[in-house]
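> structure for this input, please:
(chains A and B)
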Amino acid sequence: MSGGPLPEVDVTSAEFWSGLEHGELRLTRCDACGQASFPPLPTCPHCGSGQMHTVLGSGRGLLYSWVVVRIALDPEFEPDVPYTVVAVDLEEGGRMLGRLLGSAELEPGQQMTFEVFSRDGVRLPGFRAAI
Amino acid sequence: MRATRSRPDFLGRAAIAGVGYTSLTRSSGRTVLALATEACRAALDDCGLQPSDVNGVATFSLFNDSVAAQAVATSLAIPQLTYALDLNLGGQAPCFAVANAAMAVATGMADVVLVFRALNGRSGIRIGTQRFAAPSAQYRLPIGLTAYAQYMALWARRFMIDTGATEEDLAGVVVRQRQFAKDNARAIRREELTIDDYWSSSFVVDPFRTVDCTTEVDGACALVVTSLDVARGLRHPPVTIQGAAWATGQGSGADIADLHYWPDWSMNCQAVLADRLWKSSGLRPADMDVAEIYDCFSSTVLFGLEGLGIVPRGESGAFVRSGATARDGELPTNTNGGLLAEGYLHGMNCVAEATLQLQGRCELRQVASAGKAVVTSGALMDGSALVLVRDGA
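Reported below is the predicted structural model:
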């Protein structure tokens, strides 16, 4: 048990986090402009509308950037190093951060697939390189 | 209706008159208030003013790592402040704080404004290992994206993908700045760094090695801002605030480390504000003699050179490696060794170094006939910049 910061869930983010408990990627989509976004905000960051509803993401996306953490800058993550954090542009729209699951030679723009993983019993967002 | 002016009318009317520093150390053994007070007093002594001449104080802090304007006004026994500014910002702030001080002076809110940054950034609250508690932190911290270096590395990687910049280009920045630091007695990393030393430095978070990251320090730095007329009667040549810009671009996010909504991680706030900055100053990149570009990490120098339009996109690395940013180059850049080598006063020292260069006070690292400088603050979604000109240059 290495511990670590727990997600500080709020009213706006609760749907996303409870989605992870069901293995689902829940995004918000704006009724006014149709754009999906991540992370959830009370209003649409693209047009300012307050008409948002939850949609199920496909989990598919393209790799935008990544980092390999070699030295943990937080003692809670020392047991995890080295580990990779990826930024993925989701098919529906929105850019999401997650842990890279499995090993892969990463290339910008490559297909990634969302997958929930557990760290010390906490369900968290991850991505795996699509085969 | 927009009434924003291409040249806000406070510009050209206020000047930086004095600069004060404490020593920069890894453990000051002193309170932040003691550091702030010493730097502010030094800045006043530097230009020949007294605390009783001061009626404005501006500062910034992050995660309560500093002291308020009010505290320094008290410790300096300033009779009364008619202007005080406490910004809840980090490295985005110094140029903006100086611009605000200039506005206060130009509008008659204050006569003499101290602008300072003080912190025990090494022995006290260390930004590099802080978990930035913030609205969007829940999406970063639990997966292990916990530190500033890691956010910046995500941007550096994308910059390298989009512009073709390489690790050699990052190395070029670090090696060049160490050459400046050798001639800066204040710098915390003064030892020479060869290209081989760079390659043998261990990775913290790819693509950053230890030497790509700034050095956290304890210390303080202060500037005196007053009207150009008053400054002309003081000890050093006035350094006029000729151009200034702030930008919070669209998709700036919910907090200082919320990267999600910023569309292009290969361009930061400096690219957003560049056009307004140059228009506000009436000058162009080619007019600059010196650049002090906010360099919490090596990559941000490349972002700045390209974002400000000093070099075309994709050419900053070659520009640095060509020697163009050396003391005798086309545009000497980060002439105190930058935040990488002098130490991390969150960019207040970038403005201070530009001032000292324009006043001709940099001794061994002095750039010949430096009259105009560009300074930046901030390297992510929001930030600020200044164009400074020595009076008469």
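> next, count neighbours for the nearest residue in space to residue B:87 that is not next to it in sequence.
Computed as C-beta to C-beta, 6 or more residues apart in numbering or on different chains, the closest residue to residue B:87 that is not its neighbour in sequence is residue B:60, at 3.8 Å. Glycine gets a C-beta too; all of them are placed from N, C-alpha and C. When neighbours are defined as other C-beta atoms under 10 Å in any protein chain shown, residue B:60 has 26 of them.
> can I assume residue B:60 is in contact with residue B:95?
No. Assessed by C-beta atoms under 8 Å, residue B:60 is found out of contact with residue B:95, at 11.0 Å.
> shaky segments in chain A?
A:1-3 (pLDDT under 70).
> tell me the bridge partners for the closest residue to residue A:104 other than its chain neighbours.
In space, and not counting its chain neighbours, residue A:104 is closest to residue A:129: 3.8 Å by C-beta to C-beta, 6+ apart. Under the criterion DSSP bridges, residue A:129 forms beta bridges with residue A:112.
> what separation is there between residue A:129 and residue B:150?
Distance of residue A:129 to residue B:150, given as C-beta to C-beta, to the nearest Å: 20 Å.
> residue B:269 now?
19 Å.
> just the strands in the stretch 1-150 of chain B please.
Secondary structure of the stretch 1-150 of chain B by DSSP state E, counting those that start in this stretch: the strands cover B:14-21, B:56-60, B:83-87, B:112-120.
> out of these, deepest packed?
Neighbour counts (mean count of other C-beta atoms under 10 Å in any protein chain shown) averaged over each of the strands of the stretch 1-150 of chain B peak at strand B:112-120, with a mean of 29.
> show me the helices in chain A, by range?
A:14-21 (DSSP state H).
> tell me how it divides into domains.
A:8-57, A:58-131 (automatic domain parsing).
> between these, which one is closest to residue B:9.
Among the domains of chain A, the nearest to residue B:9 by C-beta to C-beta is domain A:8-57 (31.3 Å).
> what about that closest one, start to end distance?
22 Å (C-alpha to C-alpha, to the nearest Å).
> now for residue A:10, how many residues are close by?
So residue A:10, with other C-beta under 10 Å, has 11 neighbours.
> and the residue nearest to residue B:62 when sequence neighbours are not counted, backbone torsions?
Closest residue to residue B:62 apart from its sequence neighbours, by C-beta to C-beta, 6+ apart: residue B:90 at 4.2 Å. Reported as degrees, to the nearest 10, the phi and psi values for residue B:90 are phi -110, psi -120.
> same deal with residue B:191?
Dihedral angles (degrees, to the nearest 10) for residue B:191: phi -70, psi 150.
> show the pLDDT at it.
Looking at residue B:191, its pLDDT reads 95.
> distance check, it against residue B:211.
Computed with C-beta to C-beta, the distance linking residue B:191 and residue B:211 is 11 Å.
> who has more neighbours, these two?
Neighbours per residue (other C-beta under 10 Å) separate residue B:191 from residue B:211, with residue B:211 holding more: 24 against 10.
> ok, that one - contacts?
B:174, B:193, B:197, B:198, B:201, B:298, B:340 (C-beta atoms under 8 Å, 6 or more residues apart in numbering or on different chains).
> if we use 6 Å, what do you get?
B:174, B:201 (C-beta atoms under 6 Å, 6 or more residues apart in numbering or on different chains).
> helix, strand or coil for it?
Put simply, residue B:211 is helix when judged by DSSP: H, G, I helix; E, B strand; the rest coil.
> one more: residue B:279?
Following three-state DSSP, we place residue B:279 in the helix state.
> wait, it touches residue B:8, no?
No. Between residue B:279 and residue B:8 there is no contact under C-beta atoms under 6 Å: 10.2 Å.
> which residues of the stretch 1-150 of chain B lie near chain A?
By C-beta under 6 Å from any C-beta of the partner chain, the residues of the stretch 1-150 of chain B that approach chain A are B:129, B:136, B:138, B:139, B:141, B:142, B:143, B:144, B:145, B:146, B:147, B:150.
> just the buried ones from these?
Those of the residues of the stretch 1-150 of chain B next to chain A that meet the buried threshold are B:136, B:138, B:139, B:141, B:142, B:143, B:144, B:145, B:146, B:147, B:150, by 16 or more other C-beta atoms under 10 Å in any protein chain shown.
> excluding chain neighbours, what is closest to the fourth one?
With C-beta to C-beta, 6+ apart as the measure, residue A:5 is the residue that lies nearest to residue B:141, at 4.0 Å, once sequence neighbours are left out.
> from residue A:122, how far off is that neighbour?
For residue A:5 relative to residue A:122 (C-beta to C-beta), the value is 9 Å.
> mind showing which ranges of chain B have poor pLDDT?
B:1.
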